[in-house]
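1. okay, predicted coordinates and the sequence, questions at the end:
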Amino acid sequence: MLKLKVNDIDIEVEKGTTVLQACEQAGAEIPRFCYHEKLSIAGNCRMCLVEMEKSPKPIASCAMPAAEGMVLKTNTEKVKKARKGVMEFLLANHPLDCPVCDQGGECDLQDQSMYYGIDKSRFKENKRYVPEKYMGPLIKTQMTRCIHCTRCIRFATEVAGVPEIGAIGRGEDMQITTYLEKAMESELSANVIDLCPVGALTSKPYVFEARPWELKKTETIDVMDAVGSNIRVDTYGWEVKRVLPRINEEINEEWISDKTRYACDGLKNQRLDTPYIKINGKLKPSSWEDAYKAISESVSRTKSEKIAGFIGDMTNMETIYAAKEFFEKTIKSANLESREEKLYINTNKRINYLFNSSIEGIEKSDLIILIGTNPRFEATILNSRIRKNFLKNKTEIISLGNVGDLTYPYNVFDNSTDIIREIVENNHKISKKIKQSNKPSLIFGQSILKLKSAPYVFEELKKYLEENGKISEEWNALNILQKNSSTVGSFDLNVLAKNSSYEILENLEKNNYEVLILFGQDNLKFQKKNEFIIYIGSHGDKGANIADVILPGATYTEQDGYFTNLEGKLQKAYKASYPPGEAKEDWLIINELSSFIKRKNLYKDKNQLIDALLNYLKLNNLNETDFKVPEYDFKSEKIFTDEIDYYHSNVIARASKTMSECKNTRMSLPKTGTDN
């Protein structure tokens, strides 16, 4: 530890700490524009100047490492004069358009000029003008406002892994731009908007929509993928205006994907706001009572074994648990399934379907093996962690098959299950790498769990890891990368066919069911014949198109709900707005439907439902299920990675105009499937 003095306060800091961090540790506030905790140090704005004993001039605290015996002052007249001088230079060419700037009200330059600036200007010359740059459908540019902090450049190069932004020209002619003036080909691109300390980079879809003080702010959870990024939803009345990241070092740090940020305009498009009943082949609006009556009549004349239910990809755990109780108590059917495809899942222990190394823990891994997965599109935030690990530790990354540009280099091996057999039989060089590594991470995608040889691949690799001490309390190398926000929660609630068989999905393919209830499920692939289909959901998408009765539900921003992310963390999404028209919260629809069919509510209120859910999780997560591993044989197959329609992966994203623009603009994005 280093001992130094800041404003006459003695402190101790770790070696490698910067002077800026030391000053903040002592309670002093240091203004800055270019410095950011997650980016490399640039030291080019000079706003963070402090006075150091025996130094003839103020020092840039962000770029100076703390040293033993330093004596620092952060609030002397010399420092104040230096900061005012820096601020005067920064404002010399800055346009006076705060009233029409979207950054107004949350602008670092505005705030710091108020506290550290000077009250007059000596600048008489014409201000510099920089033409606007094109950065795609998400980022609006007004580069005349740019103060050359280079945060956007460092983020694109270091975090996003797409070195497409840079500086051209020198001195007064210096400009920040994408080199070819095209959209940034990154799923993290819009984070530069949060990083920009002025209004040079702002949100294009949000332009001129609202001022920060007009918005209601709700801290909640993202459901666009299974990562569970922490977000803040800003609403104006009923409408969600924007989504911003919240800092959570364990999950998303302070970044979010572009889909998380901008799919929110899909919350107001193609919405279901009243019940519908299909009459003579056409859906017509109806009352809730008539819709419930039609469902009750259909259910009452159908045998329970001929009724099946399917859970959707963004369904919260309260709804899943209510659906489970509804099928067990009201319908008296065991045909409730959360998988939309035939995935092999061993539910005997919870570690069999979790990302056990954890999102934060992947940074500590010294060997990463990707098996049938493309983390860049399946879990963008997780992929940024893998890149961070590579940059910091030069960790070896292996993929079975070429899955395109992942923003970091990786070694490609043959995409065949033959390699898996060679690994577990110690006949492959990867076997030696796994044994020699202290903290390896094997990441299984859902694609490989769909193979006929999935039981062999999963069980044998798991057994191999256990035998070599790679699954223990200290480190668990077994990782399943789930795609959907509801998947882990559904498995925790044991919502899938008995012994994880494919019985329900096979019966669906054979059209053996007479009544289907879709709880926000829009991705089932089957040919409808004479099934009576009930859809409970928020959008007029694939599920509503085939439905005979539609019950309008709520989205994740319109109801409180628990979600369990891919590493097993239970998080709560909070209600930010309310459902449109006559739409209701999903659990309430199930409760009312149960009351109409059996004349008895499942729950008297939501608190009773939550208590029952949490008690079930507490008991179920402690006990092993009665899962029996099926008999399996080795089959030589190609390991493939699913083609992913990244910008249209769910109903909200498909209803989003912004996501459609991104899809059309970024047709040149790297391919998402495995190169066979």
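-> Cool, the structure landed. Numbering: from 1, shown residues only.

2. quick one, grab the pLDDT at the closest residue to Y513 other than its chain neighbours.
-> Of all residues not flanking Y513 in the chain, A308 sits nearest, at 4.6 Å (C-beta to C-beta, 6 or more residues apart in numbering). Using the backbone N, CA and C atoms, a C-beta is placed for each residue, glycine as well. With respect to pLDDT, A308 scores 96.

3. hang on, isn't A308 packed against E503?
-> No: checked against C-beta atoms under 8 Å, the pair A308 and E503 is beyond contact range at 10.2 Å.

4. so which residues make contact with the helix or strand the residue nearest to Y513 falls within?
-> Using DSSP states H and E, A308 maps to strand 307-311. With contacts defined as C-beta atoms under 8 Å, 6 or more residues apart in numbering, strand 307-311 is touched by 299, 320, 323, 326-327, 331, 333, 335-338, 340, 486, 490, 495, 504, 507-508, 513-521, 524.

5. pull the CA atoms of that strand into CSV?
-> Coordinates of each C-alpha in strand 307-311 appear next as CSV, following Å, rounded to 0.1, in the frame of the first residue of the first chain:
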residue,chain,number,x,y,z
ILE,A,307,-54.9,-30.1,-23.7
ALA,A,308,-51.3,-28.7,-23.8
GLY,A,309,-49.6,-25.5,-22.9
PHE,A,310,-46.4,-23.8,-24.0
ILE,A,311,-44.4,-21.1,-22.2
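
6. so how far is it off the chain centroid?
-> 27 Å (C-alpha atoms, centre = their mean, to the nearest Å).

7. name the next helix or strand downstream of that strand, please.
-> Next element after strand 307-311 (DSSP H and E): helix 317-325.

8. packing partners of that next one?
-> strand 307-311, helix 487-492, strand 515-519, strand 561-564, helix 586-598, helix 606-620 (3 or more C-beta pairs under 8 Å, 6 or more residues apart in numbering; DSSP states H and E).

9. other SSEs contacting the helix or strand following it?
-> Next in sequence after helix 317-325, counting helices and strands by DSSP H and E, comes strand 336-337. Here strand 336-337 touches strand 307-311, helix 503-509, going by 3+ C-beta pairs under 8 Å, 6+ apart.

10. if we can go back for a sec, give me the more crowded residue out of A308 and E503.
-> Each of A308 and E503 has its neighbours counted (other C-beta atoms under 10 Å); A308 has more, 25 against 15.

11. distance of I59 from I536?
-> 62 Å (C-beta to C-beta, to the nearest Å).

12. so between these two, which is more surrounded?
-> The neighbour comparison of I59 against I536 (other C-beta under 10 Å) goes to I536, with 27 against 18.

13. how about the contacts made by that one?
-> Contacts of I536 (C-beta under 8 Å, 6+ apart): 517-520, 551, 553, 586, 589-590.

14. what about 7 Å?
-> 518-520, 551, 553, 586, 589 (C-beta atoms under 7 Å, 6 or more residues apart in numbering).

15. now the end-to-end length of stretch 368-381.
-> 16 Å (C-alpha to C-alpha, to the nearest Å).

16. show the average pLDDT along it.
-> Confidence over stretch 368-381, taken as the mean pLDDT, stands at 94.

17. what does it contact?
-> 187-188, 225-227, 229, 252, 255, 257, 382-383, 386, 395, 397-400, 403-404, 406-407, 430, 441-445, 447-448, 481, 483, 566, 639-641, 644, 646, 672.

18. can you check stretch 5-16 too?
-> 1-4, 22-23, 25-26, 28, 65-66, 71-75.

19. from those, which would you call buried?
-> 2, 4, 22-23, 25-26, 28, 66, 72-74 (16 or more other C-beta atoms under 10 Å).

20. which one of these is nearest to N426?
-> Taking C-beta to C-beta as the measure, N426 lies nearest L2 of the buried ones among the contacts of stretch 5-16, at 48.6 Å.

21. nearest to Y578, out of the helices and strands packed on strand 336-337?
-> strand 307-311 (23.4 Å).

22. report the inter-axis angle for the closest one versus helix 317-325.
-> Strand 307-311 and helix 317-325 meet at an angle of 170 degrees, taking axes from the mean of the first three to the mean of the last three C-alpha atoms, to 10 degrees as the criterion.

23. low-confidence stretches in the stretch 551-676 of the chain?
-> Residues of the stretch 551-676 of the chain meeting the criterion pLDDT under 70: 621-625, 667-676.

24. looks like P205 contacts D265 (just checking).
-> Yes: the pair P205 / D265 is scored as a contact, 6.5 Å apart, by C-beta atoms under 7 Å.

25. okay, and the common contacts of the two?
-> T658.

26. nearest to R170 among the contacts of I536?
-> Out of the contacts of I536, the member with the shortest distance to R170 (by C-beta to C-beta) is G520, at 55.2 Å.

27. could you give the number of residues near the closest one?
-> 28.

28. how close does I362 get to I420?
-> 21 Å.

29. sorry, back to before: I'd like the helices and strands packed on strand 336-337 as a markdown table, with distance to S416 appended.
-> Shown next, in a markdown table, are the helices and strands packed on strand 336-337 (distance: least, C-beta to C-beta, whole Å):
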| stretch | distance to S416 |
| --- | --- |
| strand 307-311 | 33 |
| helix 503-509 | 26 |
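
30. closest one to F596 among those?
-> strand 307-311 (15.4 Å).
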